[in-house]
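**Student:** pasting the sequence and the predicted coordinates here, then a few questions.
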Amino acid sequence: MVRSAFILVVVLAAYWLTLSGYLYKPVLLIVGTISILVVLGLSWRMKILDAETAPYFHGKAAGYYAWLFVEITKANMSVIKAVLSPDMEISPTTTKVPMKQSTDLGRVTFANSITLTPGTIAVVMGESNILVHALFSEMTNAADFQDMGDRAGWAVSDPMLGRIEKGAS
Amino acid sequence: MEQALHYLNVGTAMFLLIGMALLLGRLLSGPTLYDRILAVNSFGTKTVLFLCVFSLIIGRQDGIDIAILYALMNFIATIAVLKFFRYSALDVSMNYSSRGDLSKTVVGKAEMSGEDT
Amino acid sequence: MDGDVLHMLQFVISALLLAGGVFFVIAGTVGVLRFPDFYTRMHAAGMTDTLGAELVLLGLIVQAGFSQTSLKLALIAFLLFLTSPTAAHAVVGAAHNAGLKPMLGKYRAPAPGEAPEVKSEVKPKTKSKAKSKAKTKSKPKPKPRTKKKAT
C-alpha cells in the first residue's frame, strides 16, 4: 500500500508538471501539492490504494508490452494486405478463447491485448472465456491465444487457474 | 530546415483531412447505428492527431491541450452514446450481468450453419 | 555544421514516422469504407487507432524535441493507447448485445460493376483450402448479405 501511494504521488506530480509547465512559480507548485494530497487522501478513504492502483509499474509489464508491440506490427501487416488488395480475401470467424487468469487485472490485460492486436477483437467477456471475432480464420489459432494469455498473466503476476489448484492449501 | 518541417507537417495535416473526409462517407452511409458510432470514434481519433499537427504548424502549444481534452471527451462521448442507445437513459448502473451471458451465445460452426437458414 | 546534421536527422526520422503513420491512418480509413460488415470494419478502425496514431504522435515528438510539447504529445499517445481498445470493445460488445450477427465464412470483394455477393463457406468439412477456394470460384453462389438487425 505504501508502494501504491508512492507511485500515485509520483504519477500525479508528473501529470501536474506536464500540464502546467511552470516549474518555478511557487503558487502553482503549492496548489499542485495541495491537490495531490487531496487526491491521495480521497483514494485512501475509498480504499483503492491496492495492487490495481499501479498495475504496470514493473519491468515484466514493460517487457510484455514490447512483445505485444511486435505482435501488433505483424498483425497490422496482414490486415493492411487485406485492405489494399483488390479482392480482399478475408474469412471472418468467431471463436471462444478459454481464459485462465483468475484476477480481474489479468483478465483485462488479456482481453485488452486481444483487442489491441488488429485482426482480433474481444467481443464479450464471460466467466471463463472470451468471445473473439477474428478477421482471418488463420488468426484463431488456439496455441497463439494460449501463448498470449500466459504472457499476459505473467506480466501482471497473475496466479493462473491451472497453478492455483496445485499450490492451494 | 524549418521550412521543410513546416511543409512536412502541412502534408501530414492534408492527408489526415483526406482521411477524415473519407470517413464521413461511412458516417453518412453506415447501415447500422454501430457503424456510425465507429465512424465518429475513428473521426475523433483523427481529429486529435490533426489538432496536434495543426498546433505545431501554427507554432502554438494551445492546440495540444485541446487535443488532450478531445481525446478524453471522444472516449466519454462514445461510451455515453452507446449507453444511451442501450438503456434510453444515462442514469443506469452497469453491472456485469447486463453485458449478456456468454453461455447463451452460440458461436462458431453452429452459428455458421445457422446463418444459412 | 554539427547542428545541421542533427536537424537533418531529426527531419528524416520525423518524416519517416509521419509517413508511416499517415499510411496506416489512410489504410485504416479505406478499410472502414471497404470491409463488408460492421465487425470487420472494427478491425480496420483498430488498425488506425493503434499503429497509425502512435506513429504520427511519435513523429511529432521527434520534431518537438525534449520540451513540454513533446511530454504533452506523449500523454496524448498514452491516453489513446488506453482508451481506444476500451472504446472498441464497448462498441463491439454493444453491437453483439443488440443482436447484430457477424458475417462469417470466406468473403471476396466484388469486382467493380459486379453485384455484391458473399461467398460463404457453410460446410465445416472442407479439408484443403485451395480445393474449397477452387470450388467456390467455379460455382459462384450469390447470397444475400448478412442480415443486419439494426435496433
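**Tutor:** That came in fine, so what should we check first?
**Student:** identify each buried residue in the helix or strand harbouring A:Asp150, please.
**Tutor:** A:Asp150 belongs to helix A:142-155 when assigned by DSSP states H and E. Neighbour-count burial for helix A:142-155 flags A:Phe145, A:Met148, A:Gly149, A:Asp150, A:Arg151, A:Ala152, A:Gly153, A:Ala155 (criterion: 16 or more other C-beta atoms under 10 Å in any protein chain shown). Heads up, the C-betas are built off the backbone N, CA and C, glycines and all.
**Student:** same check, this time on stretch B:69-84
**Tutor:** So stretch B:69-84, judged by 16+ other C-beta under 10 Å, has buried residues B:Tyr70, B:Ala71, B:Asn74, B:Phe75, B:Ala77, B:Thr78, B:Ile79, B:Val81, B:Leu82, B:Lys83.
**Student:** for the helix holding A:Asp150, give the mean pLDDT please.
**Tutor:** For helix A:142-155, mean pLDDT rounds to 84.
**Student:** touching that helix from outside, list them.
**Tutor:** A:56, A:60-61, A:63-65, A:67, A:71, A:95, A:97-101, A:106, A:109-110, A:113-114, A:132, A:158, A:160 (C-beta atoms under 8 Å, 6 or more residues apart in numbering or on different chains).
**Student:** do the same with stretch B:23-39
**Tutor:** For stretch B:23-39, contacts defined as C-beta under 8 Å, 6+ apart pick out B:40, B:42-43, B:46, B:78, B:81-82, B:85, C:29, C:32-33, C:38, C:41-42, C:45, C:91, C:94-95, C:98, C:100, C:148, C:150-151.
**Student:** near chain A, from those?
**Tutor:** C:Met42 (C-beta under 8 Å from any C-beta of the partner chain).
**Student:** which strand or helix spans the residue nearest to the spatial centre of chain C?
**Tutor:** In chain C, the centroid-proximal residue (C-alpha atoms, centre = their mean) is C:Ala44; its distance is 1.9 Å. Here C:Ala44 sits within helix C:38-47, counting by DSSP H and E.
**Student:** quick one: contacts for residue 20?
**Tutor:** I went with chain A, as the question did not name one. A:Ser20 neighbours (C-beta under 8 Å, 6+ apart): A:Leu28, A:Gly32.
**Student:** looking at chain B here, not the other one
**Tutor:** Applying C-beta under 8 Å, 6+ apart, one finds that B:Met20 lies in contact with B:Phe43, B:Lys46, B:Thr47, B:Phe50.
**Student:** tilt between the helix or strand harbouring it and helix C:38-47?
**Tutor:** According to DSSP H and E, B:Met20 maps onto helix B:2-29. On the basis of axes from the mean of the first three to the mean of the last three C-alpha atoms, to 10 degrees, helix B:2-29 is oriented at 170 degrees to helix C:38-47.
**Student:** point me to the residue sitting closest to the centre of chain A.
**Tutor:** Judging by C-alpha atoms, centre = their mean, chain A has its centre closest to A:Thr109, at 3.7 Å.
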